[in-house]
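Novice: have a look; sequence and predicted model below, questions after that.
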Amino acid sequence: MRKGVEVAGETHTKEKRVTALVPMKGHSERVPNKNLRLFCDRPLCHWTILNLQKSHYVKDIVVNTDSQEIAENIRQNFEGVKIIDRPNEIRGDFVSMNVIIAYDLSQLPGEHFLQTHSTNPLLNTETIDKAIELYFHNLGTHDSLFTVTRHNARFYWSDGSPINHDPQEMLRTQDLRPIFEENSNLYIFSKESFKQSGNRRIGLRPYLFEINKLEAIDIDEEEDFLLAELLCQAKLNKL
C-alpha cells in the first residue's frame, strides 16, 4: 500500500484506512473459471487486487474464497494478502454476499471496510480513493457508501406502465429525473453500520457515489468479459 502522502494540502492519515474485502468464488455458471481466466494477459482476479494495492487508504486486503486453486494463486502472486477459507455452510451459488461479509467481519479486526469484486477490473485506484475520502467526509450524515450508475432514459414495468416519466409529457431524456443503478462495484461501511442495518453492507443512511458506465462494468456474462477486456486493452495501449 502507498504510505501517507500530501495531496492537495491534505495528509492521508490512519483515520482514513480501510480493510478491503474481495470475495472470490471458484464456480461460475455463466463464465466458467472466471476468476482465473486470463484477462489482458493476467488472471481476472489480479486486476482488482493490483488497483487496491495502489490505494492511499487500503490498509489490508482480504480474499474470502471457496477455491484452493484461487487461494494458491493469490498467495503466489501477492505478498501480504490475507486468505480466508470460506466455511462449507456459507458456500454455494445462492448464499447472500452479506452472509459472507458477516463471517469476514467476525474474523477481522478494524472498524471500516471496503468490499468490491474481482469482476470489476476497470474500477481504478483514483475512484477507489475518491470513494473512501467521500465516505469519511460524510460520516456525519451518512453511515455507508455504495457506487451507482446514472440512467437518464425512459423505464417501464413489465406490464408497459412507465416508471420514471409521464407518457403524456415527452420530456427530453436528459431532462428526466435520473434513476440510479446499484452497480455492485464498491461498498464502504463500518462494523457498526453493518450491524445497525441488520447485517447489510448498505447502511440505513447510504451515500450514493456515481461512477461512469465504462468503469462500472461488472462481469456476469461472456459479453461482459469480452467488452471489459477490449476496454482494458485500449486503456493499456494508451499508457
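Specialist: Received the coordinates, thanks. All values derive from a computational prediction rather than experimental measurement.

Novice: so the residue lying farthest from the centre of the chain, which state does it fall into?
Specialist: For the chain, the residue at maximal distance from the C-alpha centroid (Cα atoms, centre = their mean) is Gln168, at 38.7 Å. Under the three-state scheme (DSSP: H, G, I helix; E, B strand; the rest coil), Gln168 adopts coil.

Novice: buried ones in the lengthiest helix in the chain?
Specialist: Ranked by number of residues, the top helix in the chain under DSSP state H is helix 222-238. For helix 222-238, burial by neighbour count (16 or more other Cβ atoms under 10 Å) applies to 224-225, 228-229, 231-232. For every residue, glycine as well, the C-beta is placed using N, CA and C.

Novice: which regions of the protein sit below the pLDDT cut-off?
Specialist: 1-14 (pLDDT under 70).

Novice: hang on, the earlier thing: including distance to Met24, could the buried residues of helix 222-238 go into TSV?
Specialist: Converted to TSV, the buried residues of helix 222-238 look like this (distance: Cβ to Cβ, whole Å):
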residue	distance to Met24
Asp224	17
Phe225	15
Ala228	17
Glu229	18
Leu231	22
Cys232	19
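
Novice: tell me which of the residues you listed is nearest to Lys16?
Specialist: Cys232 (28.3 Å; Cβ to Cβ).

Novice: hmm, who's touching the longest helix of the chain?
Specialist: 30-31, 34, 37, 39-40, 44, 47, 121-122, 214, 217-219 (Cβ atoms under 8 Å, 6 or more residues apart in numbering).

Novice: which SSE is immediately downstream of the lengthiest strand in the chain?
Specialist: Longest strand of the chain, by residue count under DSSP state E: strand 179-190. Next along the chain after strand 179-190, taking DSSP states H and E as the criterion, comes helix 191-196.
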